[in-house]
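**Q** Requesting a structural model of the entry that follows:
(2 chains)
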Number of protein chains: 2
Amino acid sequence: MTDRESHINQMKEYTPEYYWLALKLIPRLSIQKKLVLVKRYGIEQLFNQPPSQQQLAISEKQYQGIVNPDWFAIEKIIAHSQQAGAVIVSYQDANYPQLLKQIYDPPLVLFVKGDTRLLNRQQIAIVGSRNASIHGREAATLLAKELTECGLVVTSGLALGIDAFAHKGAVDNQQATIAVIATGIDIVYPARNKGLAKQIIEYGGAIISEFLPHTPPKAGHFPKRNRIISGLSQGVLVIEAAMKSGSLITARCALEQNRDVYAMPGNIQNPQVKGCHWLIKQGAKLVDEVADIIEEVNVNSDYGLHLKGNNNRNKEKGQGSKKSCDQDLFNDSLLASVGYEITPVDTVVSRSKLPTDVVLTRLTMLELRGLVSAVPGGYLKIK
Amino acid sequence: MTDRESHINQMKEYTPEYYWLALKLIPRLSIQKKLVLVKRYGIEQLFNQPPSQQQLAISEKQYQGIVNPDWFAIEKIIAHSQQAGAVIVSYQDANYPQLLKQIYDPPLVLFVKGDTRLLNRQQIAIVGSRNASIHGREAATLLAKELTECGLVVTSGLALGIDAFAHKGAVDNQQATIAVIATGIDIVYPARNKGLAKQIIEYGGAIISEFLPHTPPKAGHFPKRNRIISGLSQGVLVIEAAMKSGSLITARCALEQNRDVYAMPGNIQNPQVKGCHWLIKQGAKLVDEVADIIEEVNVNSDYGLHLKGNNNRNKEKGQGSKKSCDQDLFNDSLLASVGYEITPVDTVVSRSKLPTDVVLTRLTMLELRGLVSAVPGGYLKIK
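**A** Residues are numbered from 1 along each chain as shown, chains lettered A, B, ... in the order given. Just a heads-up that it's a prediction; the model follows:
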């Protein structure tokens, strides 16, 4: 009995990822069509009791992928994945990211290194130019750090430039971050980011790919990868992107996937922010501080459960930026100081225990948001 | 007969500015109420055949300002204005700016040095921080220059920082610019801008003030002045403004006056752009190139009539930026290349005589603006 024959005989013992990989390997059939088949027949049923080729309405070659899957190749994929220290999270796995299921063409399997529970944490993607300016890099690091301090996971693409500095902002702060890569899970591209990739895993993050192990970097794979970055995230923050850049593709994916698009502005003389300004003109939200994102995202409070490591390194550094992620709460506490009857500013000041000038600025902002109204004698809540 | 008595006897020979100045001098009566009186009785009638105090419903002191105006003081104001090289443009003067009449409290008289015809030219105000960064200054100069090249007059406040560089962008290009000042027309404040003030007049611009000659700089006058800057203009561009800055007051005036508000973004680390970012978040249009303004403004084509000077100095410098003000036309010419039937991209390229990549980018922008639609086989106009 050959290796292949022995596999065929053992067919019914396969774990779900075997079937999902078999499904993935069916040639030239779209992800949507594959998912329709799974919905109609069930994943194991499809391979164990396959309907006729006519019923499935697929080509002979595609049908062969169902009635005679290359279990040997699949076994090898699983082995290579294991050797790389990755697990396979298939579409029906409990850890498969729910948000990703909402996109048009969700990956059938994900190869995941690191903490798979992370995939269902609330994520904000940070993407941007490989040739980012020093300002862009600093902003990526700072905003990523502050987002993680607010309980969000920062997701990016492990590229040079903004991507790397976004991941860095998280790992420097010993927080989890997700890198979605466009190569096989066993390859780090660019090689310069090997140390960073190691740190990502070390601090409880994850590296994920939909591509088979050994897949080298290919131009066509990067846009595909981008749809996963935005698909995993509640919103995408673009920091420095030239016109016609990959980051704008990610932003477009985000829009198509009904995700929020955020863009950081910059000096108009910097061609690397042209794309960000363009996005803002098209309606993306301008972000110049992390509070701009936090006020759009309903942050789950139970995130702490999944946090790994908790030692004191860098703890001091974190203090300063803690303020910005408390901003929403802070606004709320101010809002709570304004009543539905006329509340004099003095009363708001004494209730909120904030300086008068801060209170006045915040009241104006709340007024502009339509939450309070300025009336003779003070302010009143209108919502 | 005293000087005063001789003036009273000559009452009927006064030119309109005498009456408007007399009206201006009536103490503690709002501009709106004064304009109501003029509307009801006519300006000359009001002073020559004044109704009773009861009819006018004003105080005794105010009534004295009507029945017994201080013609001597008025004569002196006119003399000082003339000595400063200024003319008086009163509310009913043909050169009084029509746009300014639309605001809540238009000045009753304007003291004007330079070309009074300029007041009714299309204006864009540029305002911003006194402590602008080098980027902000460069941007103010460049954008002002490009706006004037597009036939618009740049209006600002002759302050240090952004104001000065906006005026400079115009005068360096030998174009007209309007400075609205918060002192008497005979004073240049800050003194450092004396050379600039001279150049503004030299290149066909104007300096205007609603304050009486000899009025020194006073804190309370600057916000009043700001309402004139925005009131004269179709839109206000804010370049670098901290939170709670005078520029934000001008932006608020502009909103109240139903003018467009534009804001230039910058590096998020620069506290001087915080106010600009805040404005954009509130709905101001992000401006990173002059085309962003031009596409909102219906530029009159007859502006050339009023242009002074036309020699070749700086002509070369002007070449580069000419492009940006042609952008609207350029977009239009592209739009004109797309038909209401499906137009292949090749056809758009050959009609527009533009490179393919430019055409594709512009088509995407037109599509996002809802002007064309991408369909199989090409694009079609939908508006």
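**Q** hey, let's count contacts and neighbours off CA atoms from now on
**A** Noted.
**Q** Identify the residues contacting A:Val297.
**A** A:Gln234 (C-alpha atoms under 8 Å, 6 or more residues apart in numbering or on different chains).
**Q** mind checking the SS state of it?
**A** coil (DSSP: H, G, I helix; E, B strand; the rest coil).
**Q** and it, what pLDDT?
**A** Looking at A:Val297, its pLDDT reads 91.
**Q** That one and A:Asn68, how far apart?
**A** Separation of A:Val297 from A:Asn68 (C-alpha to C-alpha, to the nearest Å): 46 Å.
**Q** Can you list the buried residues in the helix or strand in which A:Lys39 is found?
**A** Using DSSP states H and E, A:Lys39 falls within helix A:31-41. For helix A:31-41, a neighbour-count test (16 or more other C-alpha atoms under 10 Å in any protein chain shown) marks A:31, A:34-35, A:38 as buried.
**Q** One more: stretch A:117-134?
**A** By neighbour count on 16+ other C-alpha under 10 Å, the buried set for stretch A:117-134 is A:118-130, A:132-133.
**Q** Looking at the residues you listed, which is nearest A:Pro107?
**A** Distance to A:Pro107, by C-alpha to C-alpha, is smallest for A:Leu119 among the buried residues of stretch A:117-134, at 13.3 Å.
**Q** Excluding residues flanking it in the chain, which one is nearest the closest one?
**A** A:Pro97 (5.2 Å; C-alpha to C-alpha, 6 or more residues apart in numbering or on different chains).
**Q** show me the contacts for the one you found.
**A** A:119-120, A:232.
**Q** A:Ile178 too?
**A** Neighbours of A:Ile178 in contact, by C-alpha under 8 Å, 6+ apart: A:118, A:153-156, A:167, A:200, A:205-208.
**Q** Mind checking which of those residues land in strands?
**A** Taking DSSP state E, the ones among the contacts of A:Ile178 that sit in strands are A:153-156, A:206-208.
**Q** so can I have TSV of the contacts of A:Pro97 showing distance to B:Ile239 and pLDDT?
**A** Output for these, formatted as TSV (distance: C-alpha to C-alpha, whole Å; pLDDT from 0 to 100):
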residue	distance to B:Ile239	pLDDT
A:Leu119	42	98
A:Asn120	42	97
A:Leu232	37	98
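**Q** List the buried residues in the helix or strand hosting A:Ser81.
**A** Assessed by DSSP H and E, A:Ser81 sits inside helix A:71-83. Neighbour-count burial for helix A:71-83 flags A:71, A:74, A:77-78, A:80-82 (criterion: 16+ other C-alpha under 10 Å).
**Q** for the residue nearest to A:Pro271 when sequence neighbours are not counted, helix, strand, or coil?
**A** Nearest residue to A:Pro271 in three dimensions, chain neighbours excluded: A:Ala242, at 6.1 Å (C-alpha to C-alpha, 6+ apart). Three-state assignment for A:Ala242 (three-state DSSP): coil.
**Q** Distance of A:Ala242 relative to B:Val359?
**A** From A:Ala242 to B:Val359 the distance is 17 Å (C-alpha to C-alpha).
**Q** So those two - more neighbours on which side?
**A** Taking neighbours as other C-alpha atoms under 10 Å in any protein chain shown, A:Ala242 and B:Val359 compare with A:Ala242 leading, 22 against 19.
**Q** Just the pLDDT for the more buried one.
**A** Reported pLDDT for A:Ala242: 93.
**Q** A:Ser333 now?
**A** pLDDT, read off for A:Ser333, is 67.
**Q** got it, and the one 3 residues further on?
**A** With respect to pLDDT, A:Ala336 scores 76.
**Q** Now do the same contact list for the residue of the stretch 1-150 of chain A found nearest chain B.
**A** Using C-alpha to the nearest C-alpha, the single residue of the stretch 1-150 of chain A nearest to chain B is A:His135, 7.2 Å away. Going by C-alpha under 8 Å, 6+ apart, A:His135 touches B:267, B:269.
**Q** residue ranges of the helices in the stretch 51-200 of chain A, please?
**A** A:53-56, A:60-67, A:71-83, A:98-101, A:134-149, A:162-171, A:194-202 (DSSP state H, counting those that start in this stretch).
**Q** Can you lay out the ones you listed as JSON lines showing mean pLDDT and distance to B:Arg351?
**A** What follows is these, written out as JSON lines (pLDDT from 0 to 100; distance: least, C-alpha to C-alpha, whole Å):
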{"stretch": "helix A:53-56", "mean pLDDT": "96", "distance to B:Arg351": "48"}
{"stretch": "helix A:60-67", "mean pLDDT": "97", "distance to B:Arg351": "46"}
{"stretch": "helix A:71-83", "mean pLDDT": "97", "distance to B:Arg351": "53"}
{"stretch": "helix A:98-101", "mean pLDDT": "97", "distance to B:Arg351": "43"}
{"stretch": "helix A:134-149", "mean pLDDT": "96", "distance to B:Arg351": "40"}
{"stretch": "helix A:162-171", "mean pLDDT": "98", "distance to B:Arg351": "40"}
{"stretch": "helix A:194-202", "mean pLDDT": "98", "distance to B:Arg351": "50"}
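**Q** Can you get me a residue count around A:Leu212?
**A** By other C-alpha under 10 Å, 22 other residues sit near A:Leu212.
**Q** how close does the residue of the stretch 1-150 of chain A closest to chain B get to A:Ser90?
**A** To A:Ser90, A:His135 is 39 Å away according to C-alpha to C-alpha.
**Q** Please apply the same query to A:Arg362.
**A** 47 Å.
**Q** the more surrounded of those two?
**A** Neighbours were counted for A:Arg362 and for A:Ser90 using other C-alpha under 10 Å; A:Ser90 has more, 21 against 16.
**Q** Residues of chain A that sit close to chain B?
**A** With C-alpha under 8 Å from any C-alpha of the partner chain as the criterion, chain A meets chain B at residues A:135, A:139, A:264-269, A:274, A:277, A:280-282, A:285-286, A:288-289, A:368.
**Q** One more pass at 6 Å, please.
**A** Contact residues (C-alpha under 6 Å from any C-alpha of the partner chain) of chain A with chain B: A:265-268, A:288.
**Q** Show the pLDDT at the residue nearest to A:Leu119.
**A** At A:Pro97, the pLDDT recorded in the model is 98.
**Q** again with A:Thr343
**A** We have a pLDDT of 84 for A:Thr343.
**Q** ok, now which ones touch it?
**A** A:Thr343 makes contact with A:378-380, according to C-alpha atoms under 6 Å, 6 or more residues apart in numbering or on different chains.
**Q** do that again at 10 Å, thanks
**A** The contact partners of A:Thr343, taken as C-alpha atoms under 10 Å, 6 or more residues apart in numbering or on different chains, are A:337, A:374-381.
**Q** Distance of A:Gly205 relative to A:Ala144?
**A** Counting by C-alpha to C-alpha - A:Gly205 and A:Ala144 are separated by 13 Å.
**Q** shaky segments in chain A?
**A** A:1-12, A:301-333, A:357, A:365, A:368-370, A:383 (pLDDT under 70).
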